[in-house]
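Q: have a look at this prediction, sequence included:
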Amino acid sequence: MQTYVIYVRYTQQGAQHIKQSPTRLEATRKAFAAAGAELKSWYLTFGQYDALIIADAPDAETISRLTLQLCSHGNVRTETVRAFTEEEYRQVIASLP
């Protein structure tokens, strides 16, 4: 599995219906599981982003499909980055010439 950090921003629609966001989060968690991914943790944040998700997925195609599905409801916009574990980081460094 690959690890991803998903930065989340609420849209105007999402902010207007913020009280429904816990239900949407649970639906998102189930959608990830159904796709063979795992929403490992979710954080409410302040600053540039409104929330942060840490997720594991088998590949970039799966996480892309999931974030597109998440955004298609119109409540959030996302920015996703691949995160390397410490073990993966060490392997990358060890492979340098």
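A: Structure's in. What do you need? Numbering: from 1, shown residues only.
Q: and the helices in this structure?
A: Taking DSSP state H as the criterion, the chain carries its helices at 12-16, 21-34, 60-71, 86-94.
Q: what does the last one contact?
A: With Cβ atoms under 8 Å, 6 or more residues apart in numbering as the test, helix 86-94 has contacts from Phe84. For every residue, glycine as well, the C-beta is placed using N, CA and C.
Q: got the contact list for stretch 51-63?
A: 1-8, 10, 32, 35-45, 66, 76, 80, 82-83.
Q: that one: which residues count as buried?
A: Judged by neighbour count using 16 or more other Cβ atoms under 10 Å, the buried positions of stretch 51-63 are 51, 53, 55-57, 62-63.
Q: circling back to that earlier point, could you list which of the contacts of stretch 51-63 belong to strands?
A: 2-8, 10, 38-44, 76, 80, 82-83 (DSSP state E).
Q: show me what counts as buried in stretch 8-15.
A: Neighbour-count burial for stretch 8-15 [16+ other Cβ under 10 Å]: 8, 10, 14.
Q: show me what contacts the nearest residue to Arg77 once chain neighbours are set aside?
A: Excluding the flanking residues, the one nearest Arg77 by Cβ to Cβ, 6 or more residues apart in numbering is Arg9, at 4.9 Å. Counting by Cβ under 8 Å, 6+ apart, Arg9 touches 49-50, 76-78.
Q: closest one to Ser95 out of these, please.
A: Top of the list for closeness to Ser95, among these and by Cβ to Cβ, is Thr78 at 30.4 Å.
Q: check whether that closest one really touches Tyr7, as I assumed.
A: Yes - between Thr78 and Tyr7 there is a contact under Cβ atoms under 8 Å: 6.5 Å.
Q: distance check, Leu68 against Ala94.
A: 35 Å (Cβ to Cβ, to the nearest Å).
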